[in-house]
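**Student:** could you work out the structure for the sequence below:
(2 chains)
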Protein chains: 2
Amino acid sequence: MDDQQLRVSKIRDGTVIDHLTAGEALDVLAILGIDGSNGEGVSIGMNVVSDRLGTKDIVKVEDRELSQSEVDVLAVIAPEATINIIRDYTVIDKKRIERPTAVTGVLSCPNRNCITNANEPVNTRFMVLDEGLQCNYCGSIVHEDEVPTYLDVA
Amino acid sequence: MDDQQLRVSKIRDGTVIDHLTAGEALDVLAILGIDGSNGEGVSIGMNVVSDRLGTKDIVKVEDRELSQSEVDVLAVIAPEATINIIRDYTVIDKKRIERPTAVTGVLSCPNRNCITNANEPVNTRFMVLDEGLQCNYCGSIVHEDEVPTYLDVA
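**Tutor:** Presented below is the predicted three-dimensional model:
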């Protein structure tokens, strides 16, 4: 068990996204826009044995501290995750993320006629409902498994 | 350096795909059909510091030994990789993979009218050329960055 827990080693500085449901690690990478091509140091463990979850995924991103809007989107697909911010091998901020009621400025609306797609100075805003994320302006729904597709990568 | 080298820990049994060019880890997962949803224990390091390559990616897949046809496809996108088969923490087979001259039965042809897409008892076969992989039957080219798209996942 100890060996499994340490399958992905500690990082000096960055963010640890832990207690992901097994199978979510690649979705997290998509949400964070990480494919390794930008030189980011990233470690990923899939199906790591966990006391709490049976098995879990874990993602460690070096030298990057997630913003609140990134945490909000992660919370939609992985509400059970924990996010720890690490500096000099020490957890300086540890939070259990919670499913937000709304997500602002991170997703684009799938409706091309929505005002948020019209080059107007309007931020996207989606309400988080059981059936998915609903655009505040036109009512379009983004289902949770579509979230990576509609990420508004700047 | 030692710390970086060990960022993804040893596995008891399985396959270690090492010395990948930084940014290739996710392509390797796509080729192997791994997204973590089948319970596979997988560890991934992106942009690990390497004496040989500057930085590299590494993928460790537990309890799975790659087949020769899987190695052949990996060799197309990552000819510089090394593949070590591990049993009981020991490397039992260590090979530097080489770009193959042909790949049989792993990719589907993008040409829908190709005989290999006509439910005939014909295996796909692609010649590996500088410009990509060329179908032996209809001459269609699959470029290397399209390989994950045309993997014939059974």
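
**Student:** not counting sequence-adjacent ones, nearest residue to A:His19?
**Tutor:** A:Thr82 (5.0 Å; CB to CB, 6 or more residues apart in numbering or on different chains). No exception for glycine: its C-beta is placed from N, CA and C like everyone else's.

**Student:** from chain B, how far off is that neighbour?
**Tutor:** 18 Å (CB to the nearest CB, to the nearest Å).

**Student:** can you get me a residue count around that residue?
**Tutor:** By the measure other CB atoms under 10 Å in any protein chain shown, the count of residues near A:Thr82 is 16.

**Student:** what sits against it?
**Tutor:** A:17-19, A:94-97 (CB atoms under 8 Å, 6 or more residues apart in numbering or on different chains).

**Student:** which bits of chain A sit near chain B?
**Tutor:** Residues of chain A lying close to chain B (CB under 8 Å from any CB of the partner chain) are A:3, A:6-9, A:22-26, A:29, A:34-37, A:39-48, A:55, A:57.

**Student:** 6 Å instead?
**Tutor:** With CB under 6 Å from any CB of the partner chain as the criterion, chain A meets chain B at residues A:7, A:9, A:22-23, A:25-26, A:35-37, A:39, A:41-47, A:57.

**Student:** for PyMOL, what selects the buried ones among these?
**Tutor:** Buried residues among those (16 or more other CB atoms under 10 Å in any protein chain shown), as a PyMOL selection:
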select buried, chain A and resi 7+22+23+25+26+35+36+41+42+43+44+45+46+47+57
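
**Student:** the residues of chain A next to chain B in strands, which ones?
**Tutor:** A:42-47, A:57 (DSSP state E).

**Student:** farthest-apart pair in these, please.
**Tutor:** The largest separation in these, counting by CB to CB, is between A:Val42 and A:Asn47 at 17.2 Å.

**Student:** where does pLDDT dip in chain A?
**Tutor:** Along chain A, segments meeting pLDDT under 70 span A:1-7, A:96, A:152-154.

**Student:** pretty sure A:Asp18 sits against A:Val59.
**Tutor:** No: if you go by CB atoms under 6 Å, A:Asp18 and A:Val59 don't touch, sitting 8.2 Å apart.

**Student:** more crowded one of these two?
**Tutor:** A:Val59 (28 against 21).

**Student:** surely A:Asp18 is within a helix?
**Tutor:** No: per DSSP: H, G, I helix; E, B strand; the rest coil, A:Asp18 lies outside any helix segment and is strand.

**Student:** distance of it from A:Lys56?
**Tutor:** Counting by CB to CB, to the nearest Å, the gap from A:Asp18 to A:Lys56 is 7 Å.

**Student:** next one: A:Leu133
**Tutor:** With distances taken as CB to CB, A:Leu133 is found 25 Å from A:Lys56.
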